[in-house]
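*Asks:* Build the 3D model from these lines:
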Amino acid sequence: MKYPHISQHSEEDCGAACLAAIAKYYGKNFTITRIRESVGTSQFGTTLLGLQRGAKTLGFKASTVRTSAEILKRLNEAPLPAIIHWHGNHWVVFYGKKGEKYIISDPGAGVRYLCEEDFIEGWNDWLMLLLEPSPEEFLKTEEDKIGGFWRFFKQVWRFRGILAQALPLNLLLGLLSLASPFLLQILT
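*Replies:* Residues are numbered from 1 along each chain as shown. Below you'll find the model as predicted:
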């Protein structure tokens, strides 16, 4: 099974990146910028309440839970993936358990496989945001267009007049800078 991972753009984006990864897990692509606005990310990051409200605007059923180590024995009862509070100041996606390892997607470090001891050490306050796509709302929520080259090309094409002047000038200056050592050698 693949575990979607979205990297955070800055230190404050971990919550938004986690929500984007879970949306991707369920087949929707949202930009981190859109999610940051939905969850109310500030210079101090994102709160659990902000994540819950943002998840609801994106079409998820979201509920916050404070649990205990007992949940590790009953993981099949929890709707996973979920967002968990990591080391008291960070959000990560918890995908579940595979063999003896717990799988998390840390927006700052990538997908990680942790032993139970490391997992319990990281998830020490047992805060969790359970997310499930709402059948009606999630399907109605429009995806963001995350394009590649053609999206970039369309943006640049608007400035074709300036580019038509700048590129030949740039080429001429490049040739002159390459030719100047030869000219100096000939003249001296």
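*Asks:* does the residue lying closest to N89 once chain neighbours are set aside have beta-bridge partners, and which?
*Replies:* Once flanking residues are discounted, N89 sits nearest to G45: 7.8 Å by C-beta to C-beta, 6 or more residues apart in numbering. For glycine as for every other residue, the C-beta is placed from the backbone atoms N, C-alpha and C. Note on G45: beta-bridge partners by DSSP bridges are S42.
*Asks:* Test my guess that G45 contacts E11.
*Replies:* Yes. Counting by C-beta atoms under 8 Å, G45 does reach E11; the two are 7.4 Å apart.
*Asks:* Those two: who's more crowded?
*Replies:* G45 (18 against 13; other C-beta atoms under 10 Å).
*Asks:* which residues touch that one?
*Replies:* G45 makes contacts with E11, E12, C14, G15, N89, as judged by C-beta atoms under 8 Å, 6 or more residues apart in numbering.
*Asks:* Identify those among the residues you listed that sit within helices.
*Replies:* C14, G15 (DSSP state H).
*Asks:* Among the contacts of G45, name the buried ones.
*Replies:* Neighbour-count burial (16 or more other C-beta atoms under 10 Å) applied to the contacts of G45 gives C14, G15.
*Asks:* Closest to I104 out of the contacts of G45?
*Replies:* Among the contacts of G45, C14 lies closest to I104 (C-beta to C-beta), at 11.8 Å.
*Asks:* what does the model give the closest one for pLDDT?
*Replies:* Model confidence at C14, given as pLDDT, is 92.
*Asks:* any idea how far D106 is from M128?
*Replies:* Applying C-beta to C-beta, to the nearest Å, the value for D106 to M128 is 16 Å.
*Asks:* again, but for K56
*Replies:* For K56, the distance to M128 - C-beta to C-beta - is 16 Å.
*Asks:* More neighbours: those two, which one.
*Replies:* For the pair K56 and M128, the greater number of neighbours falls to M128 (21 against 15), based on other C-beta under 10 Å.
*Asks:* domains of the protein?
*Replies:* Residue ranges for the domains of the chain, per automatic domain parsing: 11-140, 149-187.
*Asks:* Let's have those in JSON lines, adding distance to P4.
*Replies:* Shown next, in JSON lines, are those (distance: least, C-beta to C-beta, whole Å):
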{"stretch": "domain 11-140", "distance to P4": "4"}
{"stretch": "domain 149-187", "distance to P4": "21"}
